[in-house]
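Q: I'd like to go over a predicted model; first the sequence, then the structure.
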Amino acid sequence: MSRVLALDIGTVRIGAAISDALGVIAQGLGVWKAENDEWLKDFDDAIRKYDPETVVVGLPLRTDGKKSEAAERVTAIAEGLMAEYPRIEFVMWDERFTTVIAQRAMIEADASRRKRKKNVDKVAAVIILEDWLESHRK
């Protein structure tokens, strides 16, 4: 298995995580500013550096499992990335509650409010990636 990149795409920030080459460990890669598509350079740099075969994109579904307005926006962004990077497999992955789980984990780790705000998207991306990796180990 080669590396897998995960994205938690928000309107202000985008969290990114990367797996190790064996697909066992997920680690936070960074938090990118979503404004004006500035993050696309960071994304491209990550693609060049890590050469992932798969990109897992968190899909913010509603609690009832239906697509939200945010899910439609994320899907459109992912479709643009698919067109730009045709050799990479893009997978949409249910990300319900990952931000809440990330917040709780950081609170339990006694992270300051400032640190939580700065890193919650990256931690959410790690959770998305861990969930996807775990589903592929079974």
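A: Now that the structure is in, tell me what you want to look at. Not measured: the values here are computed from a predicted model.

Q: Give me the buried positions along stretch 35-42.
A: W39, L40, D42 (16 or more other CB atoms under 10 Å). The C-beta positions use only the backbone N, C-alpha and C, and glycine is treated the same way.

Q: wait, stretch 20-27
A: Buried residues in stretch 20-27, counting neighbours by 16+ other CB under 10 Å, are found at G23, A26.

Q: And that stretch, end to end?
A: 8 Å (CA to CA, to the nearest Å).

Q: Repeat that for stretch 52-66.
A: Note: stretch 52-66 ends 29 Å apart using CA to CA.

Q: Kindly report the same for stretch 43-61.
A: Counting by CA to CA, you get 23 Å between the two ends of stretch 43-61.

Q: The buried residues of stretch 35-42 into TSV, with extra columns for pLDDT, secondary structure and distance to D121?
A: Below are these laid out as TSV (pLDDT from 0 to 100; DSSP: H, G, I helix; E, B strand; the rest coil; distance: CB to CB, whole Å):
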residue	pLDDT	secondary structure	distance to D121
W39	94	helix	11
L40	95	helix	16
D42	96	helix	13
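
Q: for those, which one is nearest A26?
A: D42 (17.8 Å; CB to CB).

Q: Contacts only, for the closest one.
A: Shown in contact with D42 (CB atoms under 8 Å, 6 or more residues apart in numbering): A16, G30, W32.

Q: residues near the closest residue to the second one other than its chain neighbours, how many?
A: On the basis of CB to CB, 6 or more residues apart in numbering, the spatially nearest residue to G30 that is not a chain neighbour turns out to be A16, at 5.3 Å. Under the neighbour criterion other CB atoms under 10 Å, A16 is assigned a count of 24.

Q: Fine, thanks again, bye for now.
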